[in-house]
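Novice: Sequence plus predicted model, see below.
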Amino acid sequence: RGITDEGVVVFKFNTPRVWRASTKTKWIGAVHEYLDRSNENAIIWADASVEDPLAMNNVPTERNIKILRRLLDEGDTSPRTAFYYANELRDHKRWDEAIEAYNYFFSLNHFTWEFYDSLVSQANCYRQSDPEHKKGGLDKAVECYFKAMQFTPVRAEAFVALGDISYEGQRWDGAVPFYKAVIGMTRPLEGFVIETAYTWLPWDRLAV
């Protein structure tokens with residue numbers, strides 16, 4: 001999801017890497033832990049990066065799914081648990097289960113960047129679960145992408161995905177407006193970001 005076989009980074013997100021021990025900052029969460037108080041007096045260095053050779057050939061395991069499923073079964077209703085459970089199912093290509101998990105997340109009315117990311121992810125799952133477009137998956141995906149655009153019109157991923165649908169069908173006139181819409185968008189600092197949507201990909205598609 002984040003690095004191609006050629007080592008090109010296409011997916012990024014900002015995360016704390018250095019903090020003062022004196023702040024007594026603690027890790028929060030059962031999986032994909034985060035640091036509490038990490039936004040207090042934080043300095044964001046957007047261009048910083050960390051080499052992680054393990055990410056090159058990272059294969060998802062069942063560990064996180066089992067942990068998150070157990071938490072949900074025990075009554076955990078936090079949006080974060082629901083969000084990452086759906087993401088884990090998506091990463092394991094369990095498309096139909098992921099779609100239902102995202103629906104549960106939406107029912108929690110957690111309107112942050114995770115809501116946008118979940119709409120885009122659910123759309124991608126619809127496309128993957130119905131590659132021949134026989135079950136209406138493409139129409140459902142388009143609906144999700146448009147909802148994401150309406151929720152956050154300054155993020156590029158949904159625009160680019162809609163452009164790609166027309167592009168892949170060689171419907172050039174339908175693709176152009178979506179790619180042009182993202183030109184000049186600023187890469188957001190919050191949440192998961194598909195790097196290519198804010199850099200070269202829209203220009204490349206428009207050139208074609």
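Specialist: Yep, that arrived. Everything quoted here is computed from the prediction, not taken from an experiment. Residues are numbered from 1 along each chain as shown.
Novice: Give me the most central residue, the chain.
Specialist: Computing the C-alpha centroid of the chain and ranking residues by Cα atoms, centre = their mean puts residue 117 first, at 4.4 Å.
Novice: Let me know how buried the closest residue to that residue other than its chain neighbours is, in neighbour terms.
Specialist: For residue 117, ignoring the flanking residues on the chain, the nearest one in space by Cβ to Cβ, 6 or more residues apart in numbering is residue 192 at 5.3 Å. Using the backbone N, CA and C atoms, a C-beta is placed for each residue, glycine as well. When neighbours are defined as other Cβ atoms under 10 Å, residue 192 has 19 of them.
Novice: got it, and residue 182?
Specialist: Using other Cβ under 10 Å, residue 182 has 20 other residues around it.
Novice: Can you tell me, leaving aside adjacent residues, what's nearest to it?
Specialist: Residue 182 sits nearest to residue 156 (Cβ to Cβ, 6+ apart), 4.0 Å away.
Novice: From what I see, the one you found and residue 199 are in contact.
Specialist: No: with contact defined as Cβ atoms under 8 Å, residue 156 does not reach residue 199; the gap is 9.7 Å.
Novice: Between the two, tell me which one has more neighbours.
Specialist: residue 156 (28 against 13).
Novice: Provide a list of residues in contact with that one.
Specialist: Taking Cβ atoms under 8 Å, 6 or more residues apart in numbering as the contact definition, residue 156 lies against 182, 185, 194, 197, 198, 202.
Novice: Show me which of the residues you listed has the smallest pLDDT value.
Specialist: Across the contacts of residue 156, the smallest pLDDT goes to residue 194, namely 92.
Novice: Spell out, range by range, the helices that occur in the chain.
Specialist: Counting by DSSP state H, the chain has helices at residues 63-73, 79-91, 95-107, 113-129, 137-151, 157-168, 172-182, 201-207.
Novice: Within its local environment, how many residues does residue 172 see?
Specialist: Counted with other Cβ under 10 Å, residue 172 comes out at 12.
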